[in-house]
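Asker: Give me a 3D structure for the following:
(4 chains)
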There are 2 protein chains.
Amino acid sequence: MNTSSRFSTTIHILTLLAHMTPERVNSEFIAGSVNTNAVVIRRLLSLLRDAQVVSSRSGPGGGWQLDQKPASISLLDVFKLVEHHDLLPLPAQEPNPKCPVGQNIQAALEGHIQDAQSAFELSLSHVTIQDLLEDMDLPDL
Amino acid sequence: MNTSSRFSTTIHILTLLAHMTPERVNSEFIAGSVNTNAVVIRRLLSLLRDAQVVSSRSGPGGGWQLDQKPASISLLDVFKLVEHHDLLPLPAQEPNPKCPVGQNIQAALEGHIQDAQSAFELSLSHVTIQDLLEDMDLPDL
DNA sequence: TCAATTCGTAACAACAATAATTACAAATCC
DNA sequence: GGATTTGTAATTATTGTTGTTACGAATTGA
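Answerer: Numbers count the residues shown, from 1 in each chain, chains lettered A, B, ... in the order given. Next comes the predicted model:
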């Protein structure tokens, strides 16, 4: 399986940051909520920092904060930032070009795979971090 | 990455079988078109045989044939038979239940992930092996 | 009946990706 | 200056996929 849980983990982190705003939160604390290692958190968040979704600061009192409004961050934005593969990859080995089917199948299939991925992405684009926060009905800080 | 090319490979195989109908084709021949090992082909096709999409026969002149009409096999049927993972898995480690966000995030997220996967699957369901055959405009046997 | 062909499937190796972990330099704060 | 925290490289463990070898079972046809 092509199983990466980066997407779900990153959504968890961003929801937590949104909930904690305007507090700054360090990677150790986030790791405690996600149940993983702080380096895993820093690695994921560094991808989001490059896209100016979050920012970080070193030193005491340092940590991470959200730099965009929760309502302006969609699940699709996160998906594109942390998942680098196509949902349904073509085989690494090219088919045999001497076979009429092998020669044509990938071009015929590719468009349909792209359509399905677009439908998937469109669905993700309709949901934001703000929506998740509202769904969760969290207690105030 | 959750990268499996089983889907694309299986679509290739089924399109080839549809094109060759009513000939029976052995796994060595199919492997030549797909550019892989015959055992890989037999492994994939055994999944489809369990679902009565194809049938096989041992011995000389044996091999594989399609048991359903190309127009009745959708890309979604194949996806469900050969890909066993969710497109966006939740993390293997459960979040910390003592954190209000950790406790609630998975339930809040799961529905939206399911919606996206459903959109993906609906798109795949609209295309059949027959559609691919027609797209490819192959020469007669 | 026998030899050749083909499937069915287990076992193993090669490779790649993810995740967890350790380590330590750089930045920041007080 | 000491404590805290990030940034990131390196390493390991684990898992999944793919390719390969091997061999028994089924089938065909002479």
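
Asker: wait, A:P95 sits on B:T36?
Answerer: No. Using C-beta atoms under 8 Å, A:P95 is not in contact with B:T36, being 9.3 Å away. The way it works is simple: take the backbone N, C-alpha and C, and place the C-beta from them, glycine included.

Asker: any idea how far the residue lying closest to A:P91 once chain neighbours are set aside is from A:H84?
Answerer: Leaving aside its sequence neighbours, A:P91 sits nearest to B:S5 (C-beta to C-beta, 6 or more residues apart in numbering or on different chains; 3.9 Å). Applying C-beta to C-beta, to the nearest Å, the value for B:S5 to A:H84 is 16 Å.

Asker: rewinding a little: so who does the residue nearest to A:P91 touch?
Answerer: Neighbouring residues of B:S5 by C-beta atoms under 8 Å, 6 or more residues apart in numbering or on different chains: A:P89, A:L90, A:P91, A:A92.

Asker: Show me where chain A dips below the pLDDT cut-off.
Answerer: The model of chain A has pLDDT under 70 over residues A:1-3.

Asker: Smallest gap between it and DNA strand C, at which residue?
Answerer: A:G59 (2.5 Å; C-beta to the nearest atom of the strand).

Asker: I'd guess that residue is in a helix, am I close?
Answerer: No. Read with DSSP: H, G, I helix; E, B strand; the rest coil, A:G59 is coil and lies in no helix.

Asker: where's it relative to chain B, distance?
Answerer: Going from A:G59 to chain B by C-beta to the nearest C-beta, to the nearest Å gives 24 Å.

Asker: ok, that residue - how many residues close by?
Answerer: Using other C-beta atoms under 10 Å in any protein chain shown, A:G59 has 6 neighbouring residues.

Asker: The nearest residue in space to A:Q93 that is not next to it in sequence: what's it in contact with?
Answerer: Using C-beta to C-beta, 6+ apart and skipping the chain neighbours, the partner closest in space to A:Q93 is B:N35 (4.5 Å). By C-beta under 8 Å, 6+ apart, the contact set of B:N35 is A:P91, A:Q93, A:E94, A:P95, A:N96, A:G102.

Asker: correct me, but the last one touches A:Q93?
Answerer: Going back to what we said before, that points to A:G102. No. When contacts are counted by C-beta under 8 Å, A:G102 is not listed as touching A:Q93 (10.5 Å).

Asker: Which neighbours do those two have in common?
Answerer: Common neighbours of A:G102 and A:Q93, using C-beta under 8 Å, 6+ apart, are B:V34, B:N35.

Asker: Is DNA strand D within reach of the biggest helix by length in chain A?
Answerer: Using DSSP state H to define each element, chain A has its longest helix at helix A:100-125. No. Helix A:100-125 stays clear of DNA strand D (C-beta under 7 Å from any atom of the strand), getting no nearer than 13.7 Å.

Asker: Helix B:100-125 and that helix, what's the angle between them?
Answerer: Going by axes from the mean of the first three to the mean of the last three C-alpha atoms, to 10 degrees, helix A:100-125 is angled at 140 degrees with respect to helix B:100-125.

Asker: other SSEs contacting helix A:100-125?
Answerer: helix A:75-82, helix B:6-20, helix B:27-34, helix B:100-125, helix B:129-136 (3 or more C-beta pairs under 8 Å, 6 or more residues apart in numbering or on different chains; DSSP states H and E).

Asker: Could you identify which of those is most buried?
Answerer: Greatest average neighbour count among the helices and strands packed on helix A:100-125 goes to helix B:6-20 (a mean of 24), per mean count of other C-beta atoms under 10 Å in any protein chain shown.

Asker: near DNA strand C at all, it?
Answerer: No. Remark: helix B:6-20 sits outside contact range of DNA strand C, by C-beta under 7 Å from any atom of the strand, the gap being at least 11.1 Å.

Asker: Output that helix as CSV, nothing but the C-alphas.
Answerer: The C-alpha trace of helix B:6-20 is given here as CSV (Å, rounded to 0.1, in the frame of the first residue of the first chain):
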residue,chain,number,x,y,z
ARG,B,6,-1.6,-2.9,-9.2
PHE,B,7,-4.6,-0.9,-10.5
SER,B,8,-2.9,0.3,-13.7
THR,B,9,-1.4,-3.0,-14.4
THR,B,10,-4.6,-4.9,-13.9
ILE,B,11,-6.5,-2.5,-16.2
HIS,B,12,-3.8,-3.1,-18.8
ILE,B,13,-4.3,-6.9,-18.4
LEU,B,14,-8.0,-6.8,-18.7
THR,B,15,-7.9,-4.5,-21.7
LEU,B,16,-5.5,-7.0,-23.4
LEU,B,17,-7.8,-9.9,-22.5
ALA,B,18,-10.8,-8.0,-23.9
HIS,B,19,-8.9,-7.3,-27.1
MET,B,20,-7.8,-10.9,-27.5
